[in-house]
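J.: Just to be clear, the model below is a prediction. Sequence and coordinates:
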Amino acid sequence: MKLPFWYPPILAYHRVHPDRAADTPTVSPEAFEKQMAILAQRWKPVSLSAIVESLEGGKPLPDRAVAITFDDGTQDNFIPACPILLRYRIPATIFLITGQIGQPGYLSADQIRQMAESGVSFGSHGLDHEYLPSLVQVELERTLSESKRAIENLSIPSEFISYPGGGYTAAVMSAARRCGYRGACATNRGFQRFPPDRWALRRITMHEKTVTPAGMWLRCCGYYGINRRLRAPS
Ligand SMILES: [Zn+2]
């Protein structure tokens, strides 16, 4: 079946952990495993870079292409998330708060290197999760380029950024381009209805409750938003 969108959904994960955090979206390892199994069986997981390449006029994407991303780079992305991704051969991009690399609760440089060797991609999520629109120009460019360099210093490419807190403006988008990124993820909800702006790729935040193929289809197609509005009309 041809899906009713033009460009594939990009899923946004944060923590994969049994304990839910109050301030960060969390999916339990069990639900994450079920979600990856559904994607592997019924979807065509592709890398973020394949999506951006297709936007640049490159190779077309398969039907039911979907990309998986993680924000913040917390420790749980290594265990339990990474082995599950590898088991189902699902490409993923993890956006690192580079100032937190090696800090308690966050991925270490060694874990990042190991994951990169297994095929996981990495990108920037700021030096310290800065809200980019509130930075003055010089600070903005420093944050964008130094966080990119921190990952490249591990001999790992850093082609994309996920705007911390989802904050961006036209100035942030053009600074990201100037600093050498190939594209950027926002946290704006939704799937790509139209050829999307690759400096503000929309994403779908993933939750615990999506554990059936039909649920995944609804979430990836953006219908969950309509469903929610019907249940709780505003
Ligand atoms: Zn974040």
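T.: Great, that's in hand.
J.: ok, so what distance separates Ile204 from the ion?
T.: 16 Å (C-beta to the ion, to the nearest Å). Where C-beta positions appear, they are placed from N, C-alpha and C, glycine not excepted.
J.: Surely that residue is in a helix?
T.: No: judged by DSSP: H, G, I helix; E, B strand; the rest coil, Ile204 forms no part of a helix; its state is strand.
J.: quick one: the helices in the protein?
T.: Counting by DSSP state H, the chain has helices at residues 29-42, 48-55, 81-87, 109-117, 137-152, 170-178, 213-221, 223-231.
J.: Name the residues linked to whatever residue of the chain ends up closest to the ion by a beta bridge.
T.: Relative to the ion, the nearest point of the chain is Asp71 (4.1 Å; C-beta to the ion). Asp71 has these beta-bridge partners by DSSP bridges: Phe95.
J.: Next, the contact list for it, please.
T.: 12-14, 95, 125, 162, 187 (C-beta atoms under 8 Å, 6 or more residues apart in numbering).
J.: Just send these back as TSV, with neighbour count and pLDDT too.
T.: Shown next, in TSV, are the contacts of Asp71 (neighbours: other C-beta atoms under 10 Å; pLDDT from 0 to 100):
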residue	neighbour count	pLDDT
Ala12	23	96
Tyr13	24	97
His14	22	96
Phe95	29	98
His125	27	98
Ser162	27	98
Thr187	19	83
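J.: Of those, which ones also sit close to the ion?
T.: For the ion, no contacts are drawn from those by C-beta under 5 Å from the ion.
J.: and the helices of the chain, which one's lowest on average pLDDT?
T.: Lowest mean pLDDT within the helices of the chain: helix 223-231, a mean of 52.
J.: before we move on, the earlier item: strands - which of the contacts of Asp71 land there?
T.: The strands, defined by DSSP state E, take in 12-13, 95, 162, 187 from the contacts of Asp71.
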